[in-house]
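[1] how does the following fold in three dimensions:
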Amino acid sequence: MKTVVGVYESHDKAIIALQELKKTGFTADKLSLVGKADLVDNHINIKANNAVEKTEASIGVVAGAILGILTGVGVFAIPGFGFLFGAGAVVGAFAGVDAGIIAGGLTAIFTRMGINEANAIKYENHLNEGKFLVFVDGDDKEIEQAKQVLHTQGLALELSFQ
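    Below you'll find the predicted structure:
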């Protein structure tokens, strides 16, 4: 199984990417969305920090938008990072890691998922900056299709391949 990862400046752009992937036949079990969250007044808020959009939306609001595309939304406390939300296939990956891996931080979790260390560090940095990650898993043919869809949109700040 291979993976394409798109880095998006906003939650909205990441959702558009997921919608386009779904239109071309990708199923929820091949797609994931990851972003950073904060705990504010005992509520989990999704962070969206960029020049155009500086908003915080509660997990309920964000989950509504995501659940139309993906299944499952989870929020995880990562030592040294804070809170992370995930939707889609990645929720199972995060939920399945043991306490020792979580204690190793987000980079350790990503490498456990099969992402090389250099990219894992880069993705953690993107998340710390308030960016959003879209993961697409598939075989060679699906990965080529995902690259075409994501590249054609022109919404991703960066695309990388595992």
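
[2] which stretches of this structure have low pLDDT?
    For the chain, applying pLDDT under 70 flags the ranges 39, 41-74, 91-104.

[3] show me the strands in it, by range?
    Applying DSSP state E to the chain gives strands spanning 2-8, 31-40, 43-49, 54-58, 73-78, 82-88, 132-138, 158-161.

[4] can you point out the buried residues in the second one?
    Right, strand 31-40. Across strand 31-40, burial judged by 16 or more other C-beta atoms under 10 Å covers 31-37. All C-beta spots, glycine's among them, are computed from the backbone N, C-alpha and C.

[5] just checking: what are the partner strands of that strand?
    Using DSSP bridges, the strands paired with strand 31-40 are strand 43-49 (antiparallel), strand 82-88 (antiparallel), strand 132-138 (antiparallel).

[6] how much does it deviate in direction from strand 2-8?
    Using axes from the mean of the first three to the mean of the last three C-alpha atoms, to 10 degrees, the direction of strand 31-40 lies 40 degrees away from that of strand 2-8.

[7] OK, contacts around the residue lying closest to Gly35 once chain neighbours are set aside?
    Taking C-beta to C-beta, 6 or more residues apart in numbering as the measure, Gly35 lies nearest to Phe132, with 4.5 Å between them; neighbours along the chain are not counted. The neighbours of Phe132, taking C-beta atoms under 8 Å, 6 or more residues apart in numbering as the test, are 7-11, 13-14, 33-35.
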